[in-house]
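Colleague: next comes the sequence, and after it the predicted model I'd like to discuss.
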Amino acid sequence: MVVLDGRSLTPEALCAVAEGAVPRLDADARRRMAESAAWLASHPGADPLREKWRWLAGAEAPEDPVERVRSFLAGHCAAVGEPLPREHVRALLATRVNMLAAGLSGCRPELADLFLAMLEHDVIPVIPAQGGVGAAGVAQLAHAAWVAFRFGGEAWRDGVRLPADVAMAGLPALVPTPKEALSIINGAALTAAQAALVVHRAQCLLHTAEAAAALSFEVVRADLACLSEAALEARNHPGAVGVARRMRDRLDGSSLCTHGRRPDPFSIRCTPGVLGAAHDTVAFALQVISRELNGACDNPLVIPGEGLVEAGNFHGAPVAMVLDHLKVALVQVASLSERRTFRMTYGQLSGLPSFLLHSSGLNSGLMLAQYTAASLVSECKGLAHPASVDSLPTVQHREDHVSMGPIAAHGALRIASALADVLAIELLCGAQGLDFHLAGEAIDEDGNMIEVTPGVPGGGTLRTWRAVRERVTRWDDDRVLRPDLEALGAAVREGVFAD
């Protein structure tokens, strides 16, 4: 059971909600929300939505509170593009509830109950993906609120796309207060929700990258001096030390990897340092994103003893910046993986048949797998441009600096997806290369196949090889490559290799 208390939500728990777990509201959080809402109700002059209307539009808001809410939300339903994936919407709703559970927004617990009921019954608002700038007034949350309050829009229920009032049938009905309408769309909840999804995936991908790298080490008969604990501890980066330790465990017992040979190229020798730096980046990102998930990302806040306080808690800069950092780290991992794939498919570097297939003059073998990896990595490099360094003023310069956090999150998610496929390609090539070593097959200086003593891989890499071979068979002649790539890509995304 995932409990939303405004203080302890983790990216892992949020991913469980995204995949279908139904959260509940903590009792203390319910009390805090009720007290905050009661304070606001006892101060009828405190109407931040009316003040926002004057500040933003320079005009008086409609007198009728319901019409004021409807008009405000309608103006913010301005996102475009394809709908957000189902799991992203579930994560978004849970994130916003958890932020409001801090009890500093003047929102009733019934508002949380409404969104939790939507999660329980899997009522998923149809929300266009593009349009947020990572500050106040999140367009995507306005679309969610439009459905939740039955003003209009569409939602999925039981796999059917329905008008909002039909999809919401049987769920609690709530007429929102003006402050609730303001709070539900305020802040960087979309950025935080998607950041939580991507950082959780990144943890899995980095451990998969270690498995793929260890398999490649076997194929190219790497010198294991690069995994020296003493050498890496001397540089004092904990991520690198951890990567080397886990790779030594995977490679333990290998007769293929060597000691004291000539130094390997950087894509082999520097694997612990690069993957370790990525692990350290993910650890930092996890810390920042966990804080954000449990922070009162709203404005104004109802602060005990101070009343309504206007601050900048809605700005998405903390998460946008760390997402841009995470993007760079994941691209480094993808780039390193593609270089190892290149070496394995290049006969003059690997000591194996070109493109890892017999009679490669007649067969393309895994040549196009490396093509695809190169294409994905090149795309990732463009996506790694930091979105948070950009800011375009909005709302007549009232909101003159924004974070572009949703764009950073969108780019990070795309990079993570591409990385999964790049790693799948390395695993495919690594398993194919190891097949030759297991069979005692190699290429001499004239390019002829010769028999050599079969190699013995490490226990961990043997398990990785078996997991690949459970899903794709060895290549002996050209066949359609896509099914193999899709099968391994799905396995990578499921965490099969991230043991």
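Modeller: Cool, got the structure.

Colleague: show me which positions of stretch 334-352 end up buried.
Modeller: The neighbour-count criterion (16 or more other Cβ atoms under 10 Å) identifies 334-345, 350-352 as the buried residues of stretch 334-352. Backbone N, C-alpha and C define where each C-beta goes, glycine included.

Colleague: and that stretch, average pLDDT?
Modeller: Across stretch 334-352, the average pLDDT comes to 88.

Colleague: what is the burial count for E310?
Modeller: Here the number of neighbours of E310 (other Cβ atoms under 10 Å) works out to 12.

Colleague: quick check: it touching P300?
Modeller: Yes - the criterion here is Cβ atoms under 8 Å, and E310 meets it with P300 at 4.7 Å.

Colleague: just flag the most distant two among the buried residues of stretch 334-352.
Modeller: Greatest spacing in the buried residues of stretch 334-352, by Cβ to Cβ: A334 and G351 (25.3 Å).

Colleague: tell me what P163 is bridged to.
Modeller: Following DSSP bridges, P163 is listed with bridge partners E154.

Colleague: which residues of the protein score low on pLDDT?
Modeller: For the chain, applying pLDDT under 70 flags the ranges 55-59, 137, 356, 359-363, 365, 395-398.

Colleague: domains of it?
Modeller: Domain ranges of the chain: 3-186, 195-493, per automatic domain parsing.

Colleague: now W156: closest residue in space that isn't a chain neighbour?
Modeller: Leaving aside its sequence neighbours, W156 sits nearest to I124 (Cβ to Cβ, 6 or more residues apart in numbering; 4.4 Å).

Colleague: quick one: that neighbour and R150, what's the gap?
Modeller: Computed with Cβ to Cβ, to the nearest Å, the distance linking I124 and R150 is 15 Å.

Colleague: go on, H143?
Modeller: From H143 across to R150, the span is 13 Å (Cβ to Cβ).

Colleague: one more: R54?
Modeller: From R54 over to R150 the distance is 28 Å, taken as Cβ to Cβ.

Colleague: do the same with L293
Modeller: L293 is 28 Å from R150, by Cβ to Cβ.

Colleague: neighbour count winner among those two?
Modeller: L293 (28 against 18).

Colleague: all strands of the stretch 151-300 of the chain, in order?
Modeller: Ranges of strands in the stretch 151-300 of the chain, per DSSP state E, counting those that start in this stretch, are 154-157, 160-163.

Colleague: deepest of those, which one?
Modeller: The highest mean neighbour count among the strands of the stretch 151-300 of the chain, using mean count of other Cβ atoms under 10 Å, belongs to strand 154-157: a mean of 20.

Colleague: now find how far off-centre it is within its chain.
Modeller: 24 Å (Cα atoms, centre = their mean, to the nearest Å).

Colleague: and stretch 228-245, by the same measure?
Modeller: The chain centroid and the centroid of stretch 228-245 are separated by 26 Å under Cα atoms, centre = their mean.

Colleague: repeat for stretch 208-227
Modeller: Stretch 208-227 has its C-alpha centroid displaced from the chain centroid by 26 Å (Cα atoms, centre = their mean).

Colleague: kindly report the same for stretch 25-45.
Modeller: On Cα atoms, centre = their mean, the centre of stretch 25-45 falls 33 Å from that of its chain.

Colleague: likewise stretch 460-471?
Modeller: Relative to its chain's centre, stretch 460-471 lies at 26 Å (Cα atoms, centre = their mean).

Colleague: list the buried residues in that stretch.
Modeller: In terms of neighbour count (16+ other Cβ under 10 Å), stretch 460-471 has its buried residues at G460, T461, L462, T464, W465, A467, V468, R471.

Colleague: re earlier: save the strands of the stretch 151-300 of the chain as JSON lines, and put in distance to L323 too.
Modeller: Output for the strands of the stretch 151-300 of the chain, formatted as JSON lines (distance: least, Cβ to Cβ, whole Å):
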{"stretch": "strand 154-157", "distance to L323": "27"}
{"stretch": "strand 160-163", "distance to L323": "30"}
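
Colleague: which among the ones you listed is found nearest to V389?
Modeller: So among the strands of the stretch 151-300 of the chain, strand 154-157 is nearest, using Cβ to Cβ, at 35.7 Å.

Colleague: so how far is V319 from Q287?
Modeller: From Q287 to V319 the distance is 11 Å (Cβ to Cβ).

Colleague: separation between the residue lying closest to G131 once chain neighbours are set aside and A144?
Modeller: In this structure, G131 finds its nearest non-sequential neighbour in A79, 3.6 Å apart by Cβ to Cβ, 6+ apart. Using Cβ to Cβ, we find A79 at a distance of 10 Å from A144.

Colleague: these two: who's more crowded?
Modeller: A144 (29 against 21).
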